[in-house]
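S.K.: For reference, the sequence and a predicted model appear below.
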Amino acid sequence: MIERLIEIKEEEAEREAGFEHRVCVCVAAGCLSSQSDEVLEAIKNQVAEAGLEESVEVKGTGCMGLCAHGPLVSQCSREEHDHAHDYGEVMYQNVTAEDAGEIVESLGKKPVKKLQLDTEMPFFKNQTKIVLENSGIVDPERIEDYIAHDGYQALLFALTQMTPEEVIDEIERSGLRGRGGGGYPTGLKWTTVAKSVSNQKYVICNADEGDPGAFMDRSVLESDPHRVLEGMALAGYAVGADQGFIYVRGEYPLAVERLKVAIRQARRMNLLGSEIGNTPFRFHIDIRLGAGAFVCGEETALIASIEGKRGQPRPRPPYPAEYGLFGEPTLINNVETFANVAPIIRNGGDWYASIGTAKSKGTKVFALAGDITNTGLIEVPMGIKLREIIVDIGGGVPGGGNPKAVQTGGPSGGCIPEEHLDTPVDYESLKALGSIMGSGGMIVMDQKANMVDVAQYFMEFCMTESCGRCIPCRVGTVHMYNLLDKIDKGLATPNDLALLEELCEMVRETSLCGLGQTAPNPVLSTLHYFRNEYEDKINYEVKMEVAE
Amino acid sequence: MFRAPKVLPPSDDKRWRIVEGTMRRNGFSRNALIETLHTVQESFGYIDDDSMHFVAESLHVPLSRVYGVSTFYHLFTLKPAGDHSCVMCTGTACYIKGINEMLANVEETYEIQPGETTEDGRISLLTARCLGSCGLAPVAVFDGEIVGKLNPEILQKRLAAWSDGND
């Protein structure tokens, strides 16, 4: 079976070699919403009109990262084909269908200056790509293209040359930790599920990316869906499961569509299904659609949702590793975690462990948004300083000036003020600052941001998204929201501020699941770093009355 | 072997066949409740009492659970939508870029709250938690078409065109 993969790889290489030039158009959701599909169509038409179909390859690819300047088009000529992992020689930004003619005409000549994007800028140069290595390079709807970029090699290698224990061992040595935000060691989780005794086990991929301001998982699924499938199949082999589920947000129709295509292709090539690669291993993957509930990102709530129930969490233990989906041992990992698995098996755990810091290995994908010049998707090694991400890669706040704060971890995270931007990005350091790594959303706020309002925004989110099962979260979030509202309107007394702090503590300590336990984080972190903004809004007249 | 009698659809509307198809594909398993409700909503635009009864009986789940699930998840709606829908993203990136003011504006102009439809049935206003197009914030979806880098003028123009019936 491995021979068949090599065959496909060679066929692809031969096909590629036949082309003089290659033009890639980003057709991930960001660029698609600026009509990149029309750009792709127009360029194809222009190539056909010029009769260049034999020498120019035009393909739609996944996300190239710099979403703010979409639609993005990259183009390279034969000499650069060897550097398949570069974005090619030339990149164009804000391309419209009208520009197609000019781009096709410029092939082999000077690039179109007015559209050109500087590929030497830090945004492209300072990244380390593992999860996103194929994004913007392979066609997400062609399995052959993924195979040509070493896809499914790790799976077949593991099935034929490695025992499940060896696979887990490799993951353990890599030091990979859960990328959904919690940072639980992946190897340990796999070991627990592998050790659970049962005839039926499940693997679940958590693609319920509910954090507002985060779009990493969506991008991975839209740009390189096979990578996630391969990671899941490897996990299935390692823990002894034969059924996988991908739980995707209902808000991501394009990701669902691409996953469906990918699963069908993989099945047809015997890379999913029964007797994968002519080994006794079988693994099926089904898609389950979310229906818009943030709490379903919590693992026990997600399991309830797959079972067709309301997505409400339950107390742990028992952990899903022992008692999960339909009461069977279940492995749940995030999209980005699974996306890291195949490269680790391919290159070895030691290779992965050589990237990052002592306790946080590898790379992390971040979604940059808010008041920042280069909004988009980046992948950086762990341990990089926040300032490097915001200022160098992100290009800083538009129009210059310092950012006021950076929000990480969504509604469960906190705001990190400008003076702490030299902190290295790893699980422990961010936690020490009162925020969390989270799934990777990074929102930059400029000096205009009103921190009380920001805290209120996140509290409103948690209040509406609370599932209502446990009282501290259901009632506590409403009261915290009302108190923040009172403070923001200038009606609060100093007692209200004290009550708010007390409530934060109580909700954090007594809530059932992560949603409630972390809901106070945005309030606590803004109170810690921007307390003066709260105090400025306290009504002192009321305070006087109390004093009397 | 005992076989439960086949549950008949509430009417001879052909769309029920699509719903039945989804249930059959999942072996009429009660785990397929959310999948089935997705299909109902896709086919009919919303989930009404009749469909809840039908789904509950077909999958052998209590009506209370069907109602519970339908109301728990934000994507399911129990009311028919208007002719056009405008989904405004209220994710963090859009919030930072000022979507809340625009939303307040729309609420005031058309006298509707998110989740409601104007009295003439022309426009449904919805909000989404995050559409994941944060690079283009602020973002709204007009009848399925994602529009990024939104400003009050574009928003106003689009909605006015629907409201006036120029579609």
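M.R.: Sure, I can see it.
S.K.: which residues are contacting the host helix or strand of A:M480?
M.R.: Assessed by DSSP states H and E, A:M480 sits inside helix A:471-488. Residues from elsewhere that reach helix A:471-488 (CB atoms under 8 Å, 6 or more residues apart in numbering or on different chains): A:450, A:452-453, A:455-456, A:459-460, A:462-463, A:466-468, A:492, A:496-497, A:499-500, A:503-504, A:506-507, A:510-513, A:515-516, A:519-520, A:523, A:534, A:537-538. For glycine as for every other residue, the C-beta is placed from the backbone atoms N, C-alpha and C.
S.K.: ChimeraX command to pick out the buried ones of those residues?
M.R.: To isolate the buried members of the contacts of helix A:471-488 in ChimeraX, using 16 or more other CB atoms under 10 Å in any protein chain shown:
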select /A:452,453,455,456,459,460,462,463,466,467,492,496,497,500,503,504,507,511,512,513,515,516,519,520,523,534,537,538
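S.K.: which residue does chain B bring closest to chain A?
M.R.: Using CB to the nearest CB, the closest approach of chain B to chain A is made by B:G135 at 2.7 Å.
S.K.: Would you confirm that that residue contacts A:T373?
M.R.: No: in this structure B:G135 lies outside contact range of A:T373 using CB atoms under 8 Å: 11.5 Å.
S.K.: can the helix or strand of chain B with the lowest mean pLDDT be found next to chain A?
M.R.: Scoring the helices and strands of chain B by mean pLDDT, DSSP states H and E places strand B:145-147 at the bottom, with a mean of 86. Yes: judged by CB under 8 Å from any CB of the partner chain, strand B:145-147 and chain A are in contact via B:I146, B:V147.
S.K.: Buried residues in that strand, which are they?
M.R.: B:I146, B:V147.
S.K.: Also stretch B:103-122?
M.R.: So, applying 16+ other CB under 10 Å, buried residues of stretch B:103-122: B:L103, B:V106, B:Y110, B:I112, B:P114, B:E116, B:T117, B:T118, B:R122.
S.K.: coming back round to it: compare B:G135 and A:T373 and say which one has the larger neighbour count.
M.R.: B:G135 (31 against 17; other CB atoms under 10 Å in any protein chain shown).
S.K.: Give the burial count for the nearest residue in space to the more buried one that is not next to it in sequence, as a bare number.
M.R.: By the measure of CB to CB, 6 or more residues apart in numbering or on different chains, the closest residue to B:G135 outside its immediate chain neighbours is A:C67, 2.7 Å from it. Other residues lying near A:C67 total 31 when counted by other CB under 10 Å.
S.K.: Show me the contacts of helix A:471-488 that map onto helices.
M.R.: The helices, defined by DSSP state H, take in A:452-453, A:455-456, A:459-460, A:462-463, A:496-497, A:499-500, A:503-504, A:506-507, A:510, A:515-516, A:523, A:534 from these.
S.K.: pLDDT weak spots in the chain?
M.R.: No chain was given, so I picked chain A. Along chain A, segments meeting pLDDT under 70 span A:79-88, A:542-548.
S.K.: Hmm, no, I was thinking of chain B.
M.R.: In chain B (pLDDT under 70), the answer is B:1-5, B:166-167.
S.K.: Mind doing that once more with 80?
M.R.: In the predicted model, chain B carries pLDDT under 80 at residues B:1-6, B:165-167.
S.K.: Which residue ranges make up the domains of it?
M.R.: B:15-72, B:84-163 (automatic domain parsing).
S.K.: What of chain A?
M.R.: With automatic domain parsing as the reference, chain A has domains A:15-119, A:151-353, A:363-445, A:451-547.
S.K.: Comparing the domains of chain B, which comes out most buried?
M.R.: domain B:84-163 (a mean of 19; mean count of other CB atoms under 10 Å in any protein chain shown).
S.K.: what's the span of that domain, first residue to last?
M.R.: End-to-end distance for domain B:84-163: 9 Å, by CA to CA, to the nearest Å.
S.K.: Which residues of chain B lie near chain A?
M.R.: So chain B meets chain A at B:29-35, B:37-38, B:61, B:65, B:68-69, B:72-76, B:90-93, B:95-97, B:128-137, B:139, B:146-148 (CB under 8 Å from any CB).
S.K.: Out of these, list just those in strands.
M.R.: Using DSSP state E, the members of these that fall within strands are B:A128, B:I146, B:V147.
S.K.: Show me the beta-bridge partners of the first one.
M.R.: Beta-bridge partners for B:A128, by DSSP bridges, are B:C89.
S.K.: Show the contacting residues for it.
M.R.: Per CB under 8 Å, 6+ apart, neighbours of B:A128: A:E251, B:V87, B:M88, B:C89, B:T90, B:G91, B:V141.
S.K.: same thing but 10 Å
M.R.: A:212, A:251, A:292, B:74-75, B:87-91, B:94, B:114, B:139-141 (CB atoms under 10 Å, 6 or more residues apart in numbering or on different chains).
S.K.: do the same with the second one
M.R.: Contact criterion CB under 10 Å, 6+ apart gives A:29-30, A:32-35, B:87, B:89, B:131, B:133, B:136, B:139-140 as the residues in contact with B:I146.
S.K.: what residues do B:G135 and A:T373 have in common as contacts?
M.R.: A:A68.
S.K.: Which residue ranges of chain B form helices?
M.R.: Using DSSP H, helices in chain B cover B:15-25, B:33-44, B:49-59, B:63-72, B:92-96, B:99-110, B:152-163.
S.K.: Could you export those as a markdown table, including distance to A:E57?
M.R.: Below are the helices of chain B laid out as a markdown table (distance: least, CB to CB, whole Å):
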| stretch | distance to A:E57 |
| --- | --- |
| helix B:15-25 | 38 |
| helix B:33-44 | 36 |
| helix B:49-59 | 48 |
| helix B:63-72 | 47 |
| helix B:92-96 | 34 |
| helix B:99-110 | 40 |
| helix B:152-163 | 36 |
